[in-house]
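K.L.:
Quick one: sequence plus predicted model below, questions after.
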Amino acid sequence: SSTSSSTSSSNRSSSGTSAHAAAGLQGFSTKVTPSGEVYLERVSGAAAASGPGASSPVRQAPAAAAPASAPSTSTSPDGSTAFPSPREDPERLGNLRRALYGLEGVEQVLDLLCLLCPMWAANGCRLVNLATGAQVPGAPTPAEAAHTLKVLADVARRSGYGASARLTLCQDRRLLGLVECLRVAPPLLLPEQREAALLLSEAARRYWMEERGAGPQGVASPTTPAASSAALPGEAGVQEVGLSYEKLVQRYTRKGQAQGQRGRGPGQGQSSSAASGPEIKGEAFAAALWALSALAGPALFEMEMEALTRVARLSGGGSWSLSAGDLAGVMWGLANARHCSPRLPELEACLVKAGGLCSMTPGECGRVLWAFATLGYTPSTLLLTIRPDWSWALPKGRKLPKGRKAAGGLSDFTPSQLSSTCWSLAAMQQLDTAPLQSAWKELMERGTAAVAAQGDVVLTQIWQTSLAINLEASWSKEEQQPAQGGQEPQAAQAAAQQQGAQQDAEAGKRKGKPQLKIHFAGQPQAVGQPKPQEQLLKVARDTFMRQTAALRKKVHSSYQRAIANVLTSLQMMHMLEDNSSGYSIDVSLPALRIAIEADGPTHLCRNDMARMLGATAMKKRHLAALGWSVINVTFQEWDQLGSAEQRQDYLRSRIQEAVESKVQL
């Protein structure tokens, strides 16, 4: 009894000390329970926490004024109180970006923002107080949240965060709060707080969607008194606990890196200080979309990315002036997340307006082409901006890091950029064009050692491009002239394939290993290919075959196994992961030359499951050119077949259609 009494007295004493220390914290009142436990309760503005339960000892914090950056509450047309629309201050945003770009760790980025926005952080990083339904003052603005997310994604990637670690980071309450601060998706509120959600949505609509008038909407002018005296969100609260913005910058920013030279997201190399007017929103849109994709890929934030693409001002009056770097980041973000937006034509028009592909760096050009090819969209007008010799020059006034060139040609492309560019053009069926032929020639002249050092992804892209050239390009067939006695090009090619197959089979016997005898059109032994190309293409082919053969050893998905089980019940001979064609076919019927492709989510756009990705479409074309009838079965179609009989009837019908089409041909 005496021990518990002394412990209770000690707790009360320490609690009283904590209460005294926290008494000056802005926006909170200190309460003590009957058992002596101290806790903080947030108060709305200057209102004191009173009412039921106020009989407990309460130490009320002094009333504090709202931060200067928080605009006054407006009134909606129907007379009800509305949430204020966030306002951006270019100077404050520029200071924040300079501070963020000097940080090295993920926790440093999150800690800095929580210290700058203490009331928002104390409310669980939410825009709305779940207890009162009121909007939390001092929360980050959409532009501040967007650029913080961009720096966070960049720091995570540079720190070696893998895909799994980044997904874990996306569950952090602080990061989710930043996503909510973008004001593009409904906040997570209680069911009875529907009115607060509607008010917040209306404030977000005014920020993103209001028309461009005489002055920038939702952006504080640097010449107005409100903007000139405005502080960062929550700065007043930070100063009360003895910290100022300048001290925070000194604490969290490395020496010599406070100027934002390390940004690697969209708009790389541009000034870290934000522009005024609607350009702030355009930069925020590009930064947020890139960051969400870099952090979560196709796994999360589908609703937020779709909302961002819908609110973006890409055309018409008041459209945003997005730079080529920002647009390249946007396109990469959409493709990386497998998010096929219906506004791709408008993004193409913005890229053309920004100067086209000839006004981008080789890296930006490669990312844009890869993005369009991945999403299965061919930007015909944009492709016309590629010069035949691939010469490029950046617009005047664009800032670049030291050592970067402002103009150049095809020789400035790295082997990985060349392989990605060639693959993208092949996936978009731009095979009979001068840009592809010149880029392919340059890639073949780089040498086997330099190209093979880039990794298996590059070699796989090279082999798929070679296959596309020989199966679909007209100029490849013209170059394959008769080798002997006036043979036709197709006959000479077939003879070369047979000779190569025999050579590989004999080599496999000597090594005592089984050897695949299938050879593609355009294989390294094809007629008229110089030896450097032959060596590089042979390495690329071997890499491609090794990867497809390795799929046979992996565990098959339940979806793929279910299709095989139905074929077994139909007494049809089949093979899983058949790579006799070079490509790995999910389920094949070798006797009928029918390939059944189980198209899961990775083969389709995540927001439009009826749209096939570019790589899957190219594989289907190549298999068809090699004599296979391809049946694509999406997971949605398969899941709608509830019984075994329905699945049998479905596969039997699709196989019958494939057989009949072969007979008609």
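P.N.:
That came in fine, so what should we check first?

K.L.:
Which residues belonging to stretch 315-322 are considered buried?
P.N.:
Buried residues in stretch 315-322, counted by 16 or more other Cβ atoms under 10 Å: 319-320, 322. C-beta coordinates here come from the backbone N, C-alpha and C atoms, glycine included.

K.L.:
Likewise for stretch 597-613?
P.N.:
Buried, per 16+ other Cβ under 10 Å, within stretch 597-613: 597-600, 603-607, 612-613.

K.L.:
Which parts of the chain are strands?
P.N.:
28-32, 38-42, 58-59, 74-75, 81-82, 392-393, 407-408, 575-578, 585-589, 594-599, 604-605, 608-612, 629-634 (DSSP state E).

K.L.:
re earlier: pLDDT added to the buried residues of stretch 315-322, as CSV?
P.N.:
Formatted as CSV, these follow (pLDDT from 0 to 100):
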residue, pLDDT
Ser319, 82
Trp320, 88
Leu322, 90
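
K.L.:
worst average pLDDT in the strands of the chain?
P.N.:
Note on the strands of the chain: lowest mean pLDDT is at strand 58-59, with a mean of 30.

K.L.:
quick one, what contacts Pro298?
P.N.:
336-339, 601, 606 (Cβ atoms under 8 Å, 6 or more residues apart in numbering).

K.L.:
what's the closest of these to Leu369?
P.N.:
Within those, proximity to Leu369 (Cβ to Cβ) peaks at Asn336, which comes in at 14.2 Å.

K.L.:
shouldn't that closest one be in contact with Ala299?
P.N.:
No - contact criterion Cβ atoms under 8 Å: Asn336 and Ala299 do not qualify, at 11.2 Å.

K.L.:
who's more crowded, these two?
P.N.:
The neighbour count for Asn336 versus Ala299, taken as other Cβ atoms under 10 Å, is higher for Asn336 (19 against 13).

K.L.:
Once you drop chain neighbours, what's closest to the more buried one?
P.N.:
If the residues on either side of it in the chain are set aside, Asn336 comes closest to Ser293, at 4.6 Å by Cβ to Cβ, 6 or more residues apart in numbering.

K.L.:
ok, so what distance separates the one you found from Leu334?
P.N.:
Distance of Ser293 to Leu334, computed by Cβ to Cβ, to the nearest Å: 7 Å.

K.L.:
Find residues that contact each of those two.
P.N.:
Met305.

K.L.:
neighbour-wise, which of these two wins?
P.N.:
Ranked by neighbour count (other Cβ under 10 Å), Ser293 and Leu334 place Leu334 first, with 28 against 24.

K.L.:
For the more buried one, list the residues it contacts.
P.N.:
With Cβ under 8 Å, 6+ apart, Leu334 has these contacts: 289, 293, 305, 309, 340-341, 344, 371, 375.

K.L.:
let's see 10 Å
P.N.:
289-290, 293, 305, 308-309, 340-341, 343-344, 347, 371-372, 374-375, 377, 605, 607 (Cβ atoms under 10 Å, 6 or more residues apart in numbering).

K.L.:
who does the nearest residue to Ile563 once chain neighbours are set aside bridge with?
P.N.:
Among residues not flanking Ile563 along the chain, Val587 sits closest, at 5.3 Å (Cβ to Cβ, 6+ apart). Assessed by DSSP bridges, Val587 has beta-bridge partners Leu576, Ile596.

K.L.:
Ala598 is in contact with Val587, correct?
P.N.:
Yes - if you go by Cβ atoms under 10 Å, Val587 and Ala598 touch, sitting 6.9 Å apart.

K.L.:
overlap in contacts of those two?
P.N.:
With Cβ under 10 Å, 6+ apart, Val587 and Ala598 have common neighbours 556, 560-561, 563-564, 631, 633.

K.L.:
Reformat those as a markdown table; add distance to Met444 and neighbour count.
P.N.:
Listed next are the shared contacts of Val587 and Ala598 as a markdown table, based on distance: Cβ to Cβ, whole Å; neighbours: other Cβ atoms under 10 Å:
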| residue | distance to Met444 | neighbour count |
| --- | --- | --- |
| His556 | 37 | 17 |
| Gln560 | 36 | 20 |
| Arg561 | 41 | 14 |
| Ile563 | 39 | 24 |
| Ala564 | 40 | 18 |
| Ile631 | 35 | 20 |
| Val633 | 37 | 22 |
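
K.L.:
how about the helices in the stretch 201-350 of the chain?
P.N.:
Taking DSSP state H, counting those that start in this stretch as the criterion, the stretch 201-350 of the chain contains helices spanning 225-228, 235-240, 245-252, 279-296, 302-311, 324-336, 344-353.

K.L.:
er, the stretch 401-550 of the chain actually
P.N.:
Taking DSSP H, counting those that start in this stretch as the criterion, the stretch 401-550 of the chain carries its helices at 415-427, 434-444, 448-452, 456-472, 474-479, 489-511, 531-550.

K.L.:
closest one to Gln108 among the ones you listed?
P.N.:
helix 415-427 (31.2 Å).

K.L.:
and the closest one, what does it pack onto?
P.N.:
helix 362-374, helix 434-444, helix 448-452, helix 456-472, helix 614-625 (3 or more Cβ pairs under 10 Å, 6 or more residues apart in numbering; DSSP states H and E).

K.L.:
Buried residues in the fourth one, which are they?
P.N.:
I take that to be helix 456-472. 458-472.

K.L.:
any idea which of those residues is closest to Thr361?
P.N.:
Taking the buried residues of helix 456-472 together and measuring to Thr361 by Cβ to Cβ, the closest member is Val458, at 18.9 Å.

K.L.:
which residue packs closest to the closest one, ignoring adjacent ones?
P.N.:
Per Cβ to Cβ, 6+ apart, closest to Val458 is Ser419, 4.5 Å.

K.L.:
can you tell me which residues contact the one you found?
P.N.:
366, 413, 439-440, 443, 446, 451, 454, 457-465, 540.

K.L.:
ok, now how distant is it from Arg173?
P.N.:
Applying Cβ to Cβ to Ser419 and Arg173 gives a distance of 41 Å.

K.L.:
I appreciate the help and will end here.
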